[in-house]
Structure formats: C-alpha cells, structure tokens
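# Have a look; sequence and predicted model below, questions after that.
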Amino acid sequence: TLNVPNGYGIYFPSSGTLTIDNSVINAETMGVQVCSGSLNVTGADTAITVSGDGIDKTINDGAIEDGAAISIVNRVGYKGLTNIEVKGGTFTAKGDNAAVKAYKWENQTESAFDNSKNVVAISGGTFSSAVKEEYCATGYIPTKNADGTYGVAKAPTVAKIGETEFTSLKDAIATAEAGATIDIVSDINMPTVSYEITKNLTINLNNKKITADGYDAVFQISGENANVVLNGPGEVVAVENTGSAGKYAMAVWACDAGCTVTINGEVKFSQTIEHEDCKQYDMIYSSKGTIIINGGHYESFTPAWTLN
C-alpha cells in the first residue's frame, strides 16, 4: 500500500514497464501517471483512489497532477507510450474528475489524445467515471453498473458476414469486400456512431434495431457509384446531433455521384430529437445519388422533410 495524503502516487516518465498488481495507492492529486513506456494494471484487489483535485501545472518538467486515478500523457519530448493495459481493479477520482484521463501535453497545454493505434486498452476494472469507448480494448464496450460506477464488458456479436462474427458494425463494414452481405444479429445502440459506406453492400436488418448518430446520417453512402441495399424488416433510429453545419438527424444520406441506396421491406425509420425548435430535420436525404424506396414506415419529426 502506498499512502500519499498530500501529493501524488506514482510518476513514470521512463521507458520500460510499470506493473501494478493487487496493489493499493491512496493519493491526493493523482494516482499513477505514465508518460513513456508501458503500464500493466491487474488484480481484483488493486485500488487507486485520489481524494482531491488536480493542481495547475506551471513548469514543463515533473508530474502533471491532474486529479485522475490513472493518468496517461503523450508528452512531447519524452520517449513515447508503448502499451497501456488495465485489466482489473477499482479506480476512483474525486467528484466529476475522470478516473482515467488521457491527453497530449505540449508547452504546458493539454490537447486531445490519439488512441487510433490502441495504445490504451481497458478490459476490466471498476471506475468512478465512464470509460471512453476509444479506450476500451478490442472487443469491449463501456458499461454502467447498477451502483452508479462504471466498467467495461465484452461486446456482443452484432453483425455477421457469413460465419464471421463482429462486435462492431463499423468493423464489419470496413472488413466487408465489395458486394458482401452483412447480417445484423442483435440490436445496436450507439447514438454517437454513424456508418459510412463506400462500396457495394447489402445489409439485412433481420428484425433488429439500429440506433446511431444522425449528423452525418446513420448510413452515409459516400462511395462513387456504390450500390447499397437495406433489407427489412427492422428499425433505424437517427439521433439528432449538432455540429458546425447545424442540427441533423438523417437516417440515410446518399452523397456521392452515381451512388444508389435501395430500401426493401418493412423498415421503420424514426428520429430522436433534442432541439424541437428546429423546423427542418432531413431523414432520408439524397444530395447526389439515388434512393429507391420499395417499402418501409417513416416517422419524421418534421414530416415535410422526410424525403428530400
């Protein structure tokens, strides 16, 4: 057990691997911070608790006491992060402070952390704040526990191409060869995710419901001459989101030259709207391509803009 009632727990700015296994860290301003190398956190009895808030950083050197239980910093001028794995334990920060915080640090300024190479991979543990989806290990998703804490869990299979299973529709679309058929096998509720399609593809909804971000459309067909078929029965819900271009809740958007979207069978389309003052929410929208409707049920918040 490491108790630091008036400071931070562990600061690791070097190459190599820091392993925390069934260990307890109690600190005031930050639990453990990694700026280089690897971090491996394991063990159900591991507990990192931060009782206070962070402290403003006034110099470039030394620890950044940011209030997080686990702090991951891509720090310019250091040797770089290799692998951050959290597999178990309990991680608690004060109030609304993040239990796990990852960011880039340069010239005493914090900016967004790029985890496109999956440097951070969380596959277990209990957290006082939600785990960001992008920090979950492959095949895991964020969860909220009944007691108000947060965790991660193995993602269910949501789509199949033949006998190949996928826990992410986005991964299935990216993996699919042109002309493939994707079968949806369970409901998908990802209101901050949308699906861009750039190739010939058939999606069978199989009586399942897809809820996704409508800002760029749940299904955005952006491949030139792409031919996409959406087969019912099933349901598609576009969740309104706001960006630099305005407020949108599109379910389908055909937006590249020569592309075609065909909707077959009893597909129910609807919208989830937050800003009810907006007078135009396109739902099925073609800006360049062609949309062929052979059936379906359409419930738009602004009916005049159901089909545009």
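It's in. Numbers count the residues shown, from 1 in each chain.
# Any idea which helix or strand in the protein has the lowest mean pLDDT?
Lowest mean confidence among the helices and strands of the chain (mean pLDDT, DSSP states H and E): strand 241-243, at a mean of 88.
# who does that strand touch, helix- and strand-wise?
strand 246-248 (3 or more C-beta pairs under 8 Å, 6 or more residues apart in numbering; DSSP states H and E). Bear in mind the C-beta positions are built from the backbone N, C-alpha and C, glycine included.
# hang on, the earlier thing: outside of the least confident helix or strand of the chain, which residues touch it?
Here strand 241-243 makes contact (C-beta atoms under 8 Å, 6 or more residues apart in numbering) with 192, 213-215, 247-249, 275.
# how distant is it from the center of its chain?
Relative to the chain's own centre, strand 241-243 is displaced by 16 Å; criterion: C-alpha atoms, centre = their mean, to the nearest Å.
# which parts of that strand are buried?
Within strand 241-243, the residues that count as buried by 16 or more other C-beta atoms under 10 Å are N241.
# sorry, back to before: now pLDDT and neighbour count too, for the contacts of strand 241-243, in TSV please.
As requested, these are exported to TSV (pLDDT from 0 to 100; neighbours: other C-beta atoms under 10 Å):
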residue	pLDDT	neighbour count
T192	87	10
D213	95	22
G214	96	28
Y215	96	22
K247	93	17
Y248	96	23
A249	97	28
H275	93	11
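# in the sheet, who's paired with T260?
Assessed by DSSP bridges, T260 has beta-bridge partners N227, T290.
# And for the residue nearest to S186 when sequence neighbours are not counted, the neighbour number?
In space, S186 comes closest to V158 once its chain neighbours are excluded; the distance is 5.1 Å by C-beta to C-beta, 6 or more residues apart in numbering. By other C-beta atoms under 10 Å, the residues close to V158 number 23.
# what's near enough to touch V158?
166-169, 172, 184-188.
# so what's the residue positioned nearest the centre of the chain up against?
Nearest to the mean C-alpha position of the chain, by C-alpha atoms, centre = their mean, lies E133 at 3.6 Å. Residues near E133 by C-beta under 8 Å, 6+ apart: 141-142, 192.
# Please tabulate those in a markdown table, including the columns distance to G243 and secondary structure.
Below are the contacts of E133 laid out as a markdown table (distance: C-beta to C-beta, whole Å; DSSP: H, G, I helix; E, B strand; the rest coil):
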| residue | distance to G243 | secondary structure |
| --- | --- | --- |
| I141 | 24 | strand |
| P142 | 22 | strand |
| T192 | 12 | coil |
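# returning to what we had before: output the contacts of V158 in CSV, with secondary structure and pLDDT appended to each entry.
Formatted as CSV, these follow (DSSP: H, G, I helix; E, B strand; the rest coil; pLDDT from 0 to 100):
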residue, secondary structure, pLDDT
F166, strand, 93
T167, coil, 90
S168, coil, 90
L169, helix, 95
A172, helix, 97
I184, strand, 98
V185, coil, 98
S186, coil, 97
D187, coil, 97
I188, strand, 95
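# List only buried entries from those residues.
Buried members of those, scored by 16+ other C-beta under 10 Å, are 166-169, 172, 184-185, 188.
# Tell me the one among these nearest to L81.
The closest of the buried ones among the contacts of V158 to L81 turns out to be S168 (C-beta to C-beta; 23.9 Å).
# pretty sure the closest one contacts A155?
Yes: S168 is in contact with A155 according to C-beta atoms under 8 Å; the separation is 7.0 Å.
# Helices along the protein, start to end?
Under the criterion DSSP state H, the chain contains helices at 169-175.
# show me the contacts for K144.
130, 150-151.
# got it, and H275?
Neighbours of H275 in contact, by C-beta under 8 Å, 6+ apart: 240, 242, 247.
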